[in-house]
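Enquirer: Pasted the sequence and its predicted model underneath.
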Amino acid sequence: MFSRNLPSTTAMQCFEAAARHMSFTRAADELNLTQSAVSKQVAQLESSLQHKLFRRVRRSLLLTPEGAIFLSDVRKVLTQLDMSTQAIMTYSGNSEVLKVATLPSFGSRWLASKLPAFLAAHPGISLEFHDRVEDFDLEQQDIDIAFFYGHGSWPDLACHKLFDERMVAVAAPSLLAHHPVQSASQLAELALLHLSTRPDAWHHWFADQGIATDRSYHGTRFETFPMLVRTAMAGGGVALVPRFTVDEELAAGQLAIAWPYRFQSASAYYLVYPEHLGELANVRRFVDHIVVCAEITRSELAE
């Protein structure tokens, strides 16, 4: 049950406006109220909270320490209320929002380009995206569909394998010009850049080519691909990344293949959703669209 001592929305709006302007008069002008009405709302709020929110110094308003603390929370409440109001005002009974979670790099470098065609074909469906860097419980976080990287087995989730991951070693052309690479083993002599969630990626890349080196775990580590790739572009070392995440940089000449060997990761990219949502028409429409897009990507990777 909600407490009956909760302040009114009007009182919070008056307090927030007065704190922003440091003036009851200017707050009243903004809210189309009288100065006395704003002052009364704030006074009632102070009485309810049993703390002064403002103090007057030489005819000027100043927030008390309690007022400053309360202001931060009031702004969050009013912002959330405004967002919820806007969402309801724009809601259409013919629309449906699908909440989708994706790995950041996967979303920006592969998924984003597949969305315009889906949205054009299904104007009644709205998509709401959330970034996630690790697996999570979809229902617990109120997510309808997610894109995971892994081995394809998650309890109570329907899984569609999209495509395998091909890892390539890339570096700035200027770095490779100063340090010509004649063999894969020579890469171990350069600064190796790592993704922190895949600490053994370089080890597997070397081992898959029969190369033994004690430097495969050495080097700078990054939490996400974007910073790792930017560091490689700036000449900071050699990065081992999924090919699709650097297609644009390779085409623009900002990165170059350091050694022409494509390593297939043990894991792959999957589209997943709670099994009980599989019968929902809009979930099926989105899944079918992505599966077709993934088939095209698989054929391109096979070339």
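Expert: Okay, I see it.
Enquirer: where's His160, which helix or strand?
Expert: Using DSSP states H and E, His160 sits in strand 157-171.
Enquirer: Could you give me the buried positions within the very next helix or strand once past that strand?
Expert: Using DSSP H and E, the helix or strand that directly follows strand 157-171 along the chain is helix 173-178. Residues of helix 173-178 classed as buried: Leu175, Leu176 (neighbour count, 16 or more other CB atoms under 10 Å). (C-beta placed from N, C-alpha, C; glycine too.)
Enquirer: What is the subsequent helix or strand relative to helix 173-178?
Expert: strand 192-195.
Enquirer: For Thr85, grab the count of nearby residues.
Expert: 10 (other CB atoms under 10 Å).
Enquirer: no, scratch that, I was asking about Ser39
Expert: 18.
Enquirer: what sits up against the helix or strand containing it?
Expert: Ser39 belongs to helix 35-49 when elements are defined using DSSP H and E. Contact partners of helix 35-49, identified using CB atoms under 8 Å, 6 or more residues apart in numbering, comprise 5, 7-8, 10-12, 14-15, 17-18, 24-25, 27-28, 31, 52-54, 66, 70.
Enquirer: Now, of the residues you listed, which are buried?
Expert: 7, 11-12, 14-15, 17-18, 24, 27-28, 31, 53-54, 70.
Enquirer: which two from those residues end up farthest apart in space?
Expert: Ala28 and Phe70 (20.0 Å; CB to CB).
Enquirer: for the strand holding His160, what is the average pLDDT?
Expert: On average, the pLDDT along strand 157-171 is 95.
Enquirer: surely Pro104 meets Phe129?
Expert: No. Counting by CB atoms under 8 Å, Pro104 stays clear of Phe129, with 10.1 Å between them.
Enquirer: sorry, back to before: after the helix holding Ser39, which helix or strand is next?
Expert: strand 54-57.
Enquirer: From the contacts of helix 35-49, which land in helices?
Expert: 10-12, 14-15, 17-18, 24-25, 27-28, 31, 66, 70 (DSSP state H).
Enquirer: Let me see the contact set for Arg55.
Expert: If you count contacts by CB under 8 Å, 6+ apart, then Arg55 has Leu61, Leu62, Thr64 around it.
Enquirer: Return a ChimeraX selection command for the buried portion of the residues you listed.
Expert: Selection of buried members from those for ChimeraX, criterion 16+ other CB under 10 Å:
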select :61
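Enquirer: Would you mind giving the contacts of Arg55 as TSV with pLDDT, distance to Gln80 and secondary structure added?
Expert: Below are the contacts of Arg55 laid out as TSV (pLDDT from 0 to 100; distance: CB to CB, whole Å; DSSP: H, G, I helix; E, B strand; the rest coil):
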residue	pLDDT	distance to Gln80	secondary structure
Leu61	89	26	strand
Leu62	92	27	strand
Thr64	94	24	coil
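Enquirer: Quick check, pLDDT for the closest residue to Gln41 other than its chain neighbours.
Expert: Leaving out its chain neighbours, the residue that sits closest to Gln41 by CB to CB, 6 or more residues apart in numbering is Cys14, at 4.0 Å. pLDDT for Cys14: 94.
Enquirer: Show the contacting residues for Cys14.
Expert: Ala27, Leu31, Leu33, Ala37, Val38, Gln41, Val42, Leu45.
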